[in-house]
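> quick one, what's the 3D model for this:
(2 chains)
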Amino acid sequence: MSTINYSEKIPNNVNLSEDRTLQRALEGWQPNFIQWWDDVGPEGSTNHEVYLRTAVSVDPSGWAQFGHVKMRDYRWGIFLNPGDANREIHFGDHKGEKAWADVPGEHRANLRRIIVTQGDTEPASVEQQRHLGLTAPSLYDLRNLFQINVEEGRHLWAMVYLLHKHFGRDGREEAEALLQRQSGDVDNPRILGAFNEKTPDWLAFFMFTYFTDRDGKFQLSALAESAFDPLARTTKFMLTEEAHHMFVGESGVSRVLARTAQVMNELKTDDPARVRAAGAIDLATIQRYLNFHYSVTIDLFGADQSSNAATFYSSGLKGRYEEGKREDDHILKGHTYKVLEVQNGQLVEKEVPMLNALNEVLRDDFIKDSMAGVARWNKVLEKAGIPTRLAVPHKAFNRQIGALAGIRMSPDGRVVNETEWTARKGEWLPTDEDFAFVASLMGRVAEPGKFAGWIAPPATGINRQPIDFEYVRFN
Amino acid sequence: MDTLTTLVDNGMLKQHLIDPEICIRCNTCEATCPVGAITHDDRNYVVRADVCNGCMACIAPCPTGSIDNWRSVPVARAYSVEAQLGWDELPPELTPAELARSAPATAASAQAAATAPAAPTAPSEPGTQVFRPAQYGASVPPWSAAHPYTNLFTPKSPATATVVGNYNCTEAGFESETHHVVLDLGSMPFPVLEGQSIGIIPPGTDALGKAHQPRQYSVASPRNGERPGYNNLALTVKRVTMDHHGNALRGVASNYLCDLQVGDTVQVVGPFGSSFLMPNHPRSHIVMICTGTGSAPMRAMTEWRRRLRNSGKFEGGKLMLFFGARTPQELPYFGPLQNLPKDFIDINLAFSRAAGQPRRYVQDLMRERAPDLAALLRDANSHFYVCGLKSMEEGVVMALRDIAHDSGLDWEQVGPALRQGGRLHLETY
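Modelled structure (predicted):
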């Protein structure tokens, strides 16, 4: 592998060929990455030729090059958004100072932790999704799955580049560890809870890409504000790719709903059993999947009150979502924010210093964004004349992290006792029986233009290709 | 305003639209757009028809394909940002019958103000294509412009202004009414320059139950306040009672503003605009061409020069105004204009519907004043400002071109030079 010409093999805009140290570090890491991809990447996909989008530069014409490629040969490029030599830090205690091109010693540990945590999610989701290719409902969907997988791989490269370039030996060790932890591994799991959950079926996959990749969007947006300029520029470019992942989730669930509504209208029924018998997924099951993925994902934002969050913000490491568009002092000392907590069995709002509540601020931004998409899902039902509506559960429902962890709460925001929770849990969260049913629908559809019976075709193809285009060639 | 250059053909706009049913609101297009043509609210992402230049930079990055939608519409009937923000789905293509009904010529003839639709037979240089005035409009301010502040207040956190004056600045007793509204900003920092505009958020909600979008109005007062030394500004607001086709329509924001009482408060956003700004260097000339409420920025610039007149700094700098309305009664600020000294400003008024007189448009007057305008076109200190209804743009820029041509200048050099030097500004709506 050492004969690879990295400046050709790895499209980049960071002058890779001029940095010998970095080049050697990446030469050492690259075979391990390929090994990881072969071991726990998309199962049985080695010879597939997939119609993928590859970024070869960051300008609009260069970052979306489409063509059939084998995923192993995907050109995992390293891209930073164009820099601005005069960029200033625009929040926190360093506000107004010049952004950092290198890591300041005093923030080294925290920055490394942020980058490692972000980097860890990228390979984790590839691992979580590795079996899904065997049950893809169409070539179109299979292609979308693989596109997400290779881009998560590229995002891993992006974080590894930062670790190698700016964190010396520690960074190289962390980069190695990113390939060693494994999603769901008892002894060496991924860092964040949601990334150790299973993604057992395609409905879960769509929910995951809708909700959990949206967490990614908000985290990346917050990092795109960072005073550490290489991190800001890297994450900014990652965001352009992240958009596709959320599209797969949003349109995927929309298509499931469209198909379910169609079956309900054909059979003139809202009986879940009859819908299931007809091979579609009933709305109650979809709502339970939604409840699960939503609640697990909002845990990812961390504790509602966190001194780390305050430190990250004040020291300029991590801003808020759309920091630049907000109109306050961007220092936040003396500002307050309302968080929820339980007193005497009831939820109450409490004002706390905003700096400590920044996880909650980001979580609330995420919730607003999530709800907008759920409203668009409901449009599908509305259009089909189905009166049922989906809803996101209460923020305190099924939480494992922060002040709300472990509270028994119904999706509509009532504190419930243990008896009621146990009795009704199966109405609110997917049951083993739900998983078994959805799994029973999963079977690979590999003929161009054909779709499994539980999902409607998409409105348009990828890159203006027809829907019956051969998005994946199996060879 | 380097716009519409590739998307307009023979009065028809190939309008770029985003399909709200497919769009996932990921912001990629807005982040990618090199000219800032894409904007959004909580509901939709939309394209500003007057800014999008069809460069296609947003097409490939869009993850959904929702970005790649186009509708052929007459330029005058382009879907506004406000309309697009309210959509749940794309409108159907106009049928050939609808297109025929709203052909550009008919649409233009229904225009209310004193601008002539550019004659299709207007002389164009042999072998050249359709004349596209917008490509000569500058997107940079003159070199001596003062630095503008923009977007200090947004719809999410607007400023509150108090009405301290509101009166009809056209002759009373006529059907058409234009108000001069003075707003006081108290101690709120809201600095504006002549040529900038602000947004007014009408109270209440639209038909869809959404808060109203802000409506933009040019500031009609100079930078140090309508009343010098006070934190206030003036707007020129025409009460809208009919649409471009003469159908009854009550403009939400204009009627709200015209009906305000002294002491009422108003939500304002902005300021907006960083290129339609006046030059501030000695001996700089300003040629102002406007119709109707397009006079607002011209009044602001004129008043600022008038206040500075005693300083002697602008001796030798000419002010020339071409101002059109249907009748003298409808011309905003007609009275005060008459009182300005002739050696301060050279005023040319055109009335298109004055009783017993032939119709005259601003470009007719410009052609009459060709020798003076030609001299100004030769002078790098001259700055041209055009503000009013969209339909005047072509006639006015074409008049400038012909004047240049007839005096022996090469418009293909003069036009781009005006644009690059921030010396020709087009603000039409």
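
> from here on, contacts and neighbour counts on C-alpha atoms
Noted.

> can you tell me the SS state at the residue of chain A found nearest chain B?
With distances taken as C-alpha to the nearest C-alpha, chain A approaches chain B most closely at residue A:244, which sits 4.8 Å away. Taken by DSSP: H, G, I helix; E, B strand; the rest coil, the conformation at residue A:244 corresponds to helix.

> can I assume it is in contact with residue B:60?
No: judged on C-alpha atoms under 8 Å, residue A:244 makes no contact with residue B:60 at a distance of 11.6 Å.

> the closest residue to the residue of chain A closest to chain B other than its chain neighbours: neighbouring residues, count only.
With C-alpha to C-alpha, 6 or more residues apart in numbering or on different chains as the measure, residue B:63 is the residue that lies nearest to residue A:244, at 4.8 Å, once sequence neighbours are left out. Applying other C-alpha atoms under 10 Å in any protein chain shown, we find 25 residues neighbouring residue B:63.

> so where is the chain shaky, pLDDT-wise?
Assuming you mean chain A. When the per-residue scores of chain A are filtered using pLDDT under 70, the ranges that remain are A:1-9, A:60-61.

> chain B was what I was after
B:1-6, B:100-130, B:172-174, B:244-246.

> show me where the chain has helices.
No chain specified, so I'll use chain A. Along chain A, the segments classed as helices by DSSP state H run A:6-9, A:20-40, A:108-128, A:139-166, A:168-180, A:202-207, A:213-223, A:229-267, A:272-277, A:283-299, A:307-314, A:358-383, A:418-428, A:432-441.

> wrong chain, I was asking about chain B
Listed in chain order (using DSSP H), the helices of chain B are B:28-32, B:81-85, B:96-101, B:104-109, B:252-258, B:295-308, B:334-338, B:362-368, B:370-377, B:391-406, B:411-420.

> just the CA trace of the second one, in CSV.
Read that as helix B:81-85. C-alpha atoms of helix B:81-85 as CSV (Å, rounded to 0.1, in the frame of the first residue of the first chain):
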residue,chain,number,x,y,z
VAL,B,81,-40.5,35.4,-2.3
GLU,B,82,-43.6,36.0,-0.1
ALA,B,83,-45.7,33.8,-2.4
GLN,B,84,-43.1,31.0,-2.5
LEU,B,85,-42.8,31.0,1.3
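
> so which other helices or strands are in contact with it?
With contacts defined as 3 or more C-alpha pairs under 8 Å, 6 or more residues apart in numbering or on different chains; DSSP states H and E, helix B:81-85 has these neighbours: strand B:45-47.

> repeat that for 10 Å
strand B:38-40, strand B:45-47 (3 or more C-alpha pairs under 10 Å, 6 or more residues apart in numbering or on different chains; DSSP states H and E).

> check the first one too.
Using 3+ C-alpha pairs under 10 Å, 6+ apart as the contact definition, the elements that helix B:28-32 packs against are helix A:229-267, strand B:38-40, strand B:45-47.

> one more pass at 8 Å, please.
In terms of contact count using 3+ C-alpha pairs under 8 Å, 6+ apart, helix B:28-32 is assigned the packing partners strand B:38-40.

> quick one: the strand it packs on to chain centroid distance?
Averaging C-alpha coordinates over strand B:38-40 and over its chain gives two centres that are 19 Å apart (C-alpha atoms, centre = their mean, to the nearest Å).

> ok, now stretch B:356-364?
Here stretch B:356-364 is found 22 Å from its chain centre; the criterion is C-alpha atoms, centre = their mean.

> same deal with stretch A:420-439?
Its chain's C-alpha centre lies 24 Å from the corresponding centre of stretch A:420-439 when counted by C-alpha atoms, centre = their mean.

> which residues touch that stretch?
A:200-201, A:203, A:281, A:285, A:287-289, A:291-292, A:408-411 (C-alpha atoms under 8 Å, 6 or more residues apart in numbering or on different chains).

> could the helices of chain B go into CSV alongside distance to residue B:170 and mean neighbour count?
Formatted as CSV, the entries for the helices of chain B read as follows, by distance: least, C-alpha to C-alpha, whole Å; neighbours: other C-alpha atoms under 10 Å in any protein chain shown:
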stretch, distance to residue B:170, mean neighbour count
helix B:28-32, 41, 20
helix B:81-85, 29, 17
helix B:96-101, 33, 11
helix B:104-109, 23, 17
helix B:252-258, 12, 19
helix B:295-308, 12, 23
helix B:334-338, 7, 12
helix B:362-368, 19, 20
helix B:370-377, 29, 18
helix B:391-406, 21, 22
helix B:411-420, 34, 17
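
> not counting its neighbours along the chain, what's nearest residue A:170?
Of all residues beyond its chain neighbours, the one nearest residue A:170 is residue A:163 (8.0 Å), with distances taken as C-alpha to C-alpha, 6+ apart.

> do I have it right that that neighbour meets residue A:176?
No: taking C-alpha under 8 Å as the contact criterion, residue A:163 and residue A:176 are not neighbours in contact, 10.3 Å apart.

> enumerate the residues of the stretch 101-250 of chain A near chain B.
Where proximity means C-alpha under 8 Å from any C-alpha of the partner chain, the interface of the stretch 101-250 of chain A facing chain B comprises A:240, A:243-244, A:246-247, A:250.

> pick out the residue in the stretch 51-200 of chain B sitting closest to chain A.
When you check the stretch 51-200 of chain B against chain A by C-alpha to the nearest C-alpha, the closest residue turns out to be residue B:63, at 4.8 Å.

> hmm, back to that, top of the residues of the stretch 101-250 of chain A next to chain B by number of neighbours, please.
residue A:246 (28 neighbours).

> follow-up on the earlier one: so which of the helices and strands packed on helix B:81-85 is the most surrounded?
For the helices and strands packed on helix B:81-85, the stretch with the most neighbours on average is strand B:45-47, a mean of 25; neighbours defined as mean count of other C-alpha atoms under 10 Å in any protein chain shown.

> residues making contact with that one?
B:16-18, B:20, B:23, B:25, B:27, B:37-40, B:81, B:84-85.

> quick one: contacts for residue A:83?
With the criterion set at C-alpha under 8 Å, 6+ apart, residue A:83 makes contact with A:229, A:233.

> so which residues on the stretch 1-150 of chain B come close to chain A?
Residues of the stretch 1-150 of chain B lying close to chain A by C-alpha under 8 Å from any C-alpha are B:21-22, B:24, B:26, B:28, B:32, B:43, B:57-58, B:60-61, B:63-65.

> can you rerun that using 7 Å?
Those residues of the stretch 1-150 of chain B that sit near chain A, judged by C-alpha under 7 Å from any C-alpha of the partner chain, are B:24, B:26, B:28, B:57-58, B:60-61, B:63-64.

> just the buried ones from these?
Using 16 or more other C-alpha atoms under 10 Å in any protein chain shown as the burial test, those include B:24, B:26, B:28, B:58, B:60-61, B:63-64 as buried.

> which of those residues sits closest to residue B:303?
Checking those against residue B:303 with C-alpha to C-alpha, the nearest one is residue B:58 at 42.3 Å.

> for residue B:27, give me its contacts.
Taking C-alpha atoms under 7 Å, 6 or more residues apart in numbering or on different chains as the criterion, residue B:27 is in contact with no other residue.

> scratch that, residue B:166 is what I was asking about
So residue B:166 contacts B:179-182, B:262 (C-alpha under 7 Å, 6+ apart).
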